[in-house]
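K.L.:
model this:
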Amino acid sequence: MNALMENKLVAGTIVAVLLFVGLFGVWKMINGTTSTSTDTNQPVIDLKVTNDDWQKGSASASATLVEYSDFQCPACKAYAPLVEAFADKNKDKVRLVYRHFPLQQHKNALPASLFAEAAGMQGKFFEMHDKLFEGQSEWDKVSDPEKVFIKYAEELKLDIAKLKADAASQKAKDSVNQDMASGNSAGVQATPTFFMNGKKIVSPQSLEDFEKLLQ
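P.N.:
Got it, this is the predicted structure:
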């Protein structure tokens, strides 16, 4: 291989790497992945967790992890099993609180939140939460996701007539709006965004990273 060909190969490789980095950055902005701020002096925010919040773990746990999430967000889907593993492993130490933050660019995110709320009214919020994330690619781009949501509800043996009525209810809308209002007040701009005991945290990349938060 002559020098000219070697130079062209190196230049092509550099361009490919830069293009990948640029496209990845655009993907993050489009899909609302969480910020990776390293500011350790962030203020503690009173997120006012109540019995109306969807939560797992002990209410007397020393740590409360609040997640603002969007069911149509690919990053939220990627984080879901990690968050669940962390919460299950530390259920006596950590209380997990899920809050809705459907992004405007995700057209099916709000309907998904409303159906999750409706499932919660029948005691199956986190079961529907899991199905929505696991099957995200099945409904995220369809024009009418309700059919898919109803299929999940049938698998969970929910009352479908009640589910539809509850998903369209003002109660469900108010619950989602309340979560979004609290997220806006807390400065949430992307999903998922996590707060540990009221303090916004750097995006953990593994179960070990989550575990360090307990230290």
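
K.L.:
make it CA atoms for all contacts and neighbour counts henceforth
P.N.:
OK.

K.L.:
domain parsing for this protein?
P.N.:
As recorded under automatic domain parsing, the domains making up the chain are 1-31, 54-213.

K.L.:
which ones are touching the residue nearest to the spatial centre of the chain?
P.N.:
Computing the C-alpha centroid of the chain and ranking residues by C-alpha atoms, centre = their mean puts Ser69 first, at 2.9 Å. Residues near Ser69 by C-alpha atoms under 8 Å, 6 or more residues apart in numbering: Cys76, Tyr98, Arg99, His100, Phe101, Pro102, Thr191, Pro192, Thr193.

K.L.:
Please apply the same query to Met121.
P.N.:
Counted by C-alpha under 8 Å, 6+ apart, Met121 has contacts Asp166.

K.L.:
Give me the pLDDT for it.
P.N.:
For Met121, the model assigns a pLDDT of 98.

K.L.:
coming back round to it: could you report the separation of the residue nearest to the centre of the chain from Asp92?
P.N.:
23 Å (C-alpha to C-alpha, to the nearest Å).

K.L.:
swap in Gln205?
P.N.:
Distance from Gln205 to Asp92, by C-alpha to C-alpha: 22 Å.

K.L.:
of these two, who's got more company?
P.N.:
Per other C-alpha atoms under 10 Å, whichever of Gln205 and Asp92 has more neighbours is Asp92, with 15 against 10.

K.L.:
so that one, which of the three states?
P.N.:
coil (DSSP: H, G, I helix; E, B strand; the rest coil).

K.L.:
Quick check, it in contact with Gly57.
P.N.:
Yes. At 6.4 Å, Asp92 and Gly57 qualify as touching, with contact defined as C-alpha atoms under 8 Å.

K.L.:
which stretches of the protein form strands?
P.N.:
Using DSSP state E, the strands of the chain run over 54-56, 63-69, 94-100, 193-196, 199-200.

K.L.:
Could I get the average pLDDT for the fourth one?
P.N.:
Translated: strand 193-196. On average, strand 193-196 scores 94.

K.L.:
what's the answer for the second one, then?
P.N.:
Computed over strand 63-69, the mean pLDDT rounds to 96.

K.L.:
hmm, who's touching stretch 70-77?
P.N.:
Taking C-alpha under 8 Å, 6+ apart as the rule, stretch 70-77 contacts 31-34, 69, 100-103, 106, 108-109, 112-113, 129, 132-134, 136, 140, 191-192.

K.L.:
again, 7 Å this time
P.N.:
Stretch 70-77 is contacted by residues 31-33, 69, 100-103, 106, 108-109, 112, 132-133, 136, 140, 191-192 when judged by C-alpha atoms under 7 Å, 6 or more residues apart in numbering.

K.L.:
Show the end-to-end separation of it, please.
P.N.:
9 Å.

K.L.:
Now it: buried residues?
P.N.:
Neighbour-count burial for stretch 70-77 flags Asp70, Phe71, Gln72, Cys73, Pro74, Ala75, Cys76, Lys77 (criterion: 16 or more other C-alpha atoms under 10 Å).
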